[in-house]
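> sequence first, then the predicted structure, then my questions.
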Amino acid sequence: MNTCSSTRQAGADDRDAVVSLWEACGLTRPWNDAAADFKRAVDGATSAILCFEEDGKLVATVMVGDDGHRGWVYYLGVLPDGRRQGLGRLMMAAAESWLRERGAPKIQLMVRDDNEQAIGFYKALGYKLQPVVTIGRRLD
């Protein structure tokens, strides 16, 4: 990382760059509208998207939210050419700080069960697999 780096909260004008980063990182799925996810997070009173820039270029993001019971992390992404430089750890530290400032007692995230690389990353940060099953239903 160089000295022209900064972490900040995304605003509405960042939508295209953030969604593009999520797509480049393989975080989007056809059944989830990433632009709508971005808007809900940026417009929400209990959520945010944190961004990391180098030389004015967006290279990493993380979405955070506080549901009133626990904190959640989504869309942690680092552009492929910026990986293995500590940016993922930096973004998780920023997410934890954001949630801690809001009094969240616990942090949760969901990882697809076949994403061994992501699971290994979170385990290296001290996160543990939880003995729960996620159950859901689409509302659209």
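Sure, I can see it.

> Three-state assignment for Val111, please.
Secondary structure, DSSP: H, G, I helix; E, B strand; the rest coil: Val111 is coil.

> for it, which residues are in contact?
118-119, 122 (C-beta atoms under 8 Å, 6 or more residues apart in numbering). In short, each C-beta sits where N, CA and C put it, glycine included.

> point to the helix or strand of this protein where mean pLDDT is at its lowest.
strand 5-9 (a mean of 81; mean pLDDT, DSSP states H and E).

> how far does the helix or strand just after that strand sit from its chain's centre?
Heading C-terminal from strand 5-9, the first helix or strand you meet, by DSSP states H and E, is helix 15-24. Relative to its parent chain, helix 15-24 has a centroid offset of 12 Å by C-alpha atoms, centre = their mean, to the nearest Å.

> show me which positions of the following helix or strand past helix 15-24 end up buried.
Reading on from helix 15-24 to the C-terminus, the next helix or strand found by DSSP H and E is helix 34-43. Neighbour counts over helix 34-43 (16 or more other C-beta atoms under 10 Å) mark 34, 37-38, 41-42 as buried.

> low-confidence regions, this protein specifically.
For the chain, residues meeting the criterion pLDDT under 70 lie at 1-5.

> neighbouring contacts of the top helix by length along it?
Longest helix in the chain, counting residues (DSSP state H): helix 87-101. Contact partners of helix 87-101, identified using C-beta under 8 Å, 6+ apart, comprise 1, 7, 48, 50, 52, 59-62, 64, 66, 71, 73, 76, 78, 107, 121, 125.

> nice, that's everything, thank you.
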